[in-house]
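J.: just need the structure, nothing else, for what follows:
(2 chains)
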Amino acid sequence: DIQMTQSPSSLSASVGDRVTITCRASQSISSYLNWYQQKPGKAPKLLIHAASSLQSGVPSRFSGSGSGTDSTLTISSLQPEDFATYYCQQSYSTPRTFGPGTKVDIK
Amino acid sequence: QVQLQESGPGLVKPSETLSLTCTVSGGSISSYYWNWIRQPAGKGLEWIGRIYNSGSTNYNPSLKSRVTMSVDTSKNQFSLRLSSVTAADTALYYCARGGGTGSGFDPWGQGTLVTVSS
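T.: Numbering: from 1, shown residues only, chains lettered A, B, ... in the order given. Predicted coordinates:
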């Protein structure tokens, strides 16, 4: 199985801040990396697929980059509705695996 | 737009079989992969497995001996059976579309809570 790690596990930020979350795979996954946002009591929402492709309807302040083993999710200017937990997930091989999540809360 | 809805018992006794169904509306089930993913309270996401409309499946090796998935294209539904459940199987169970190589899971159902308890 491909193991996914994320850093940090949590962060506190203010509205307007630039936020960066890192995801690392235990082996190369090319660009087969997806990012999700999950709010309490809700299902995860796909934000970015294939490392850098923004899902339709997702605000442009979200962006993704990376390939190989390391990927990054960036929120350019944090908005109140962005406080949530973010997960990365590899779609390179089965079993599909997720990172442990990064919780973004209000400073 | 495609919507998914999970259904099934919310309480299952230990050693029994958990059975859930996901109904797909607003689109055909006759393409894409269809997945089950679970999340214990306060914890992360675990992929259980997927089924294609042809019936071909891939399961998580950690659960493979206990998992069976099936699809009913006439009803636009797919199902999960997880046998010999224990308290460790208590979780919010989601169904989701997609997950092919290079693609993410989208959309997701709202999730259904399954508690394993006597």
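J.: return the residues in contact with the residue most central in space within chain B.
T.: Nearest residue to the geometric centre of chain B (C-alpha atoms, centre = their mean): B:Trp36, 2.7 Å. Neighbouring residues of B:Trp36 by C-beta atoms under 8 Å, 6 or more residues apart in numbering or on different chains: B:20, B:22, B:47-50, B:69, B:80, B:93-96. Where you see a C-beta, it was placed from the backbone N, CA and C, and this is true even at glycine.
J.: gap between the residue nearest to A:Arg61 when sequence neighbours are not counted and A:Pro59?
T.: Setting aside the residues directly before and after it, A:Arg61 is nearest to A:Ser76 in space (C-beta to C-beta, 6 or more residues apart in numbering or on different chains), at 4.5 Å. Distance, A:Ser76 to A:Pro59, by C-beta to C-beta, to the nearest Å: 9 Å.
J.: what separation do you get for A:Arg104 and A:Lys42?
T.: In this structure residue A:104 is Val, not Arg. The gap separating A:Val104 from A:Lys42 is 15 Å, by C-beta to C-beta.
J.: which one's more surrounded, the two?
T.: Higher neighbour count among A:Val104 and A:Lys42: A:Val104, with 21 against 12, using other C-beta atoms under 10 Å in any protein chain shown.
J.: switch the contacts of B:Trp36 over to JSON lines; also include neighbour count.
T.: Listed next are these as JSON lines, based on neighbours: other C-beta atoms under 10 Å in any protein chain shown:
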{"residue": "B:Leu20", "neighbour count": "22"}
{"residue": "B:Cys22", "neighbour count": "27"}
{"residue": "B:Trp47", "neighbour count": "23"}
{"residue": "B:Ile48", "neighbour count": "24"}
{"residue": "B:Gly49", "neighbour count": "25"}
{"residue": "B:Arg50", "neighbour count": "27"}
{"residue": "B:Met69", "neighbour count": "23"}
{"residue": "B:Leu80", "neighbour count": "24"}
{"residue": "B:Tyr93", "neighbour count": "23"}
{"residue": "B:Tyr94", "neighbour count": "24"}
{"residue": "B:Cys95", "neighbour count": "30"}
{"residue": "B:Ala96", "neighbour count": "24"}
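J.: filter the residues you listed to keep only those in contact with chain A.
T.: Counting by C-beta under 8 Å from any C-beta of the partner chain, B:47, B:49-50, B:94, B:96 from the contacts of B:Trp36 sit close to chain A.
J.: would you format the residues you listed as TSV with distance to A:Pro100 and pLDDT included?
T.: Output for these, formatted as TSV (distance: C-beta to C-beta, whole Å; pLDDT from 0 to 100):
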residue	distance to A:Pro100	pLDDT
B:Trp47	14	98
B:Gly49	20	98
B:Arg50	22	97
B:Tyr94	17	98
B:Ala96	19	98
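J.: wait, which of those is closest to A:Ser26?
T.: For those, the residue nearest A:Ser26 by C-beta to C-beta is B:Trp47; the value is 15.7 Å.
J.: let me see the contact set for B:Arg38.
T.: B:Arg38 neighbours (C-beta under 8 Å, 6+ apart): B:45-46, B:48, B:91-94.
J.: please read the previous query as pertaining to A:Thr20.
T.: Residues in contact with A:Thr20 (C-beta under 8 Å, 6+ apart) are A:72-75.
J.: can you pull out the strands in chain A?
T.: Assigned by DSSP state E, chain A shows strands spanning A:4-7, A:10-13, A:19-25, A:33-38, A:45-49, A:53-54, A:62-67, A:70-75, A:85-90, A:97-98, A:102-106.
J.: no further queries at this time; thank you.
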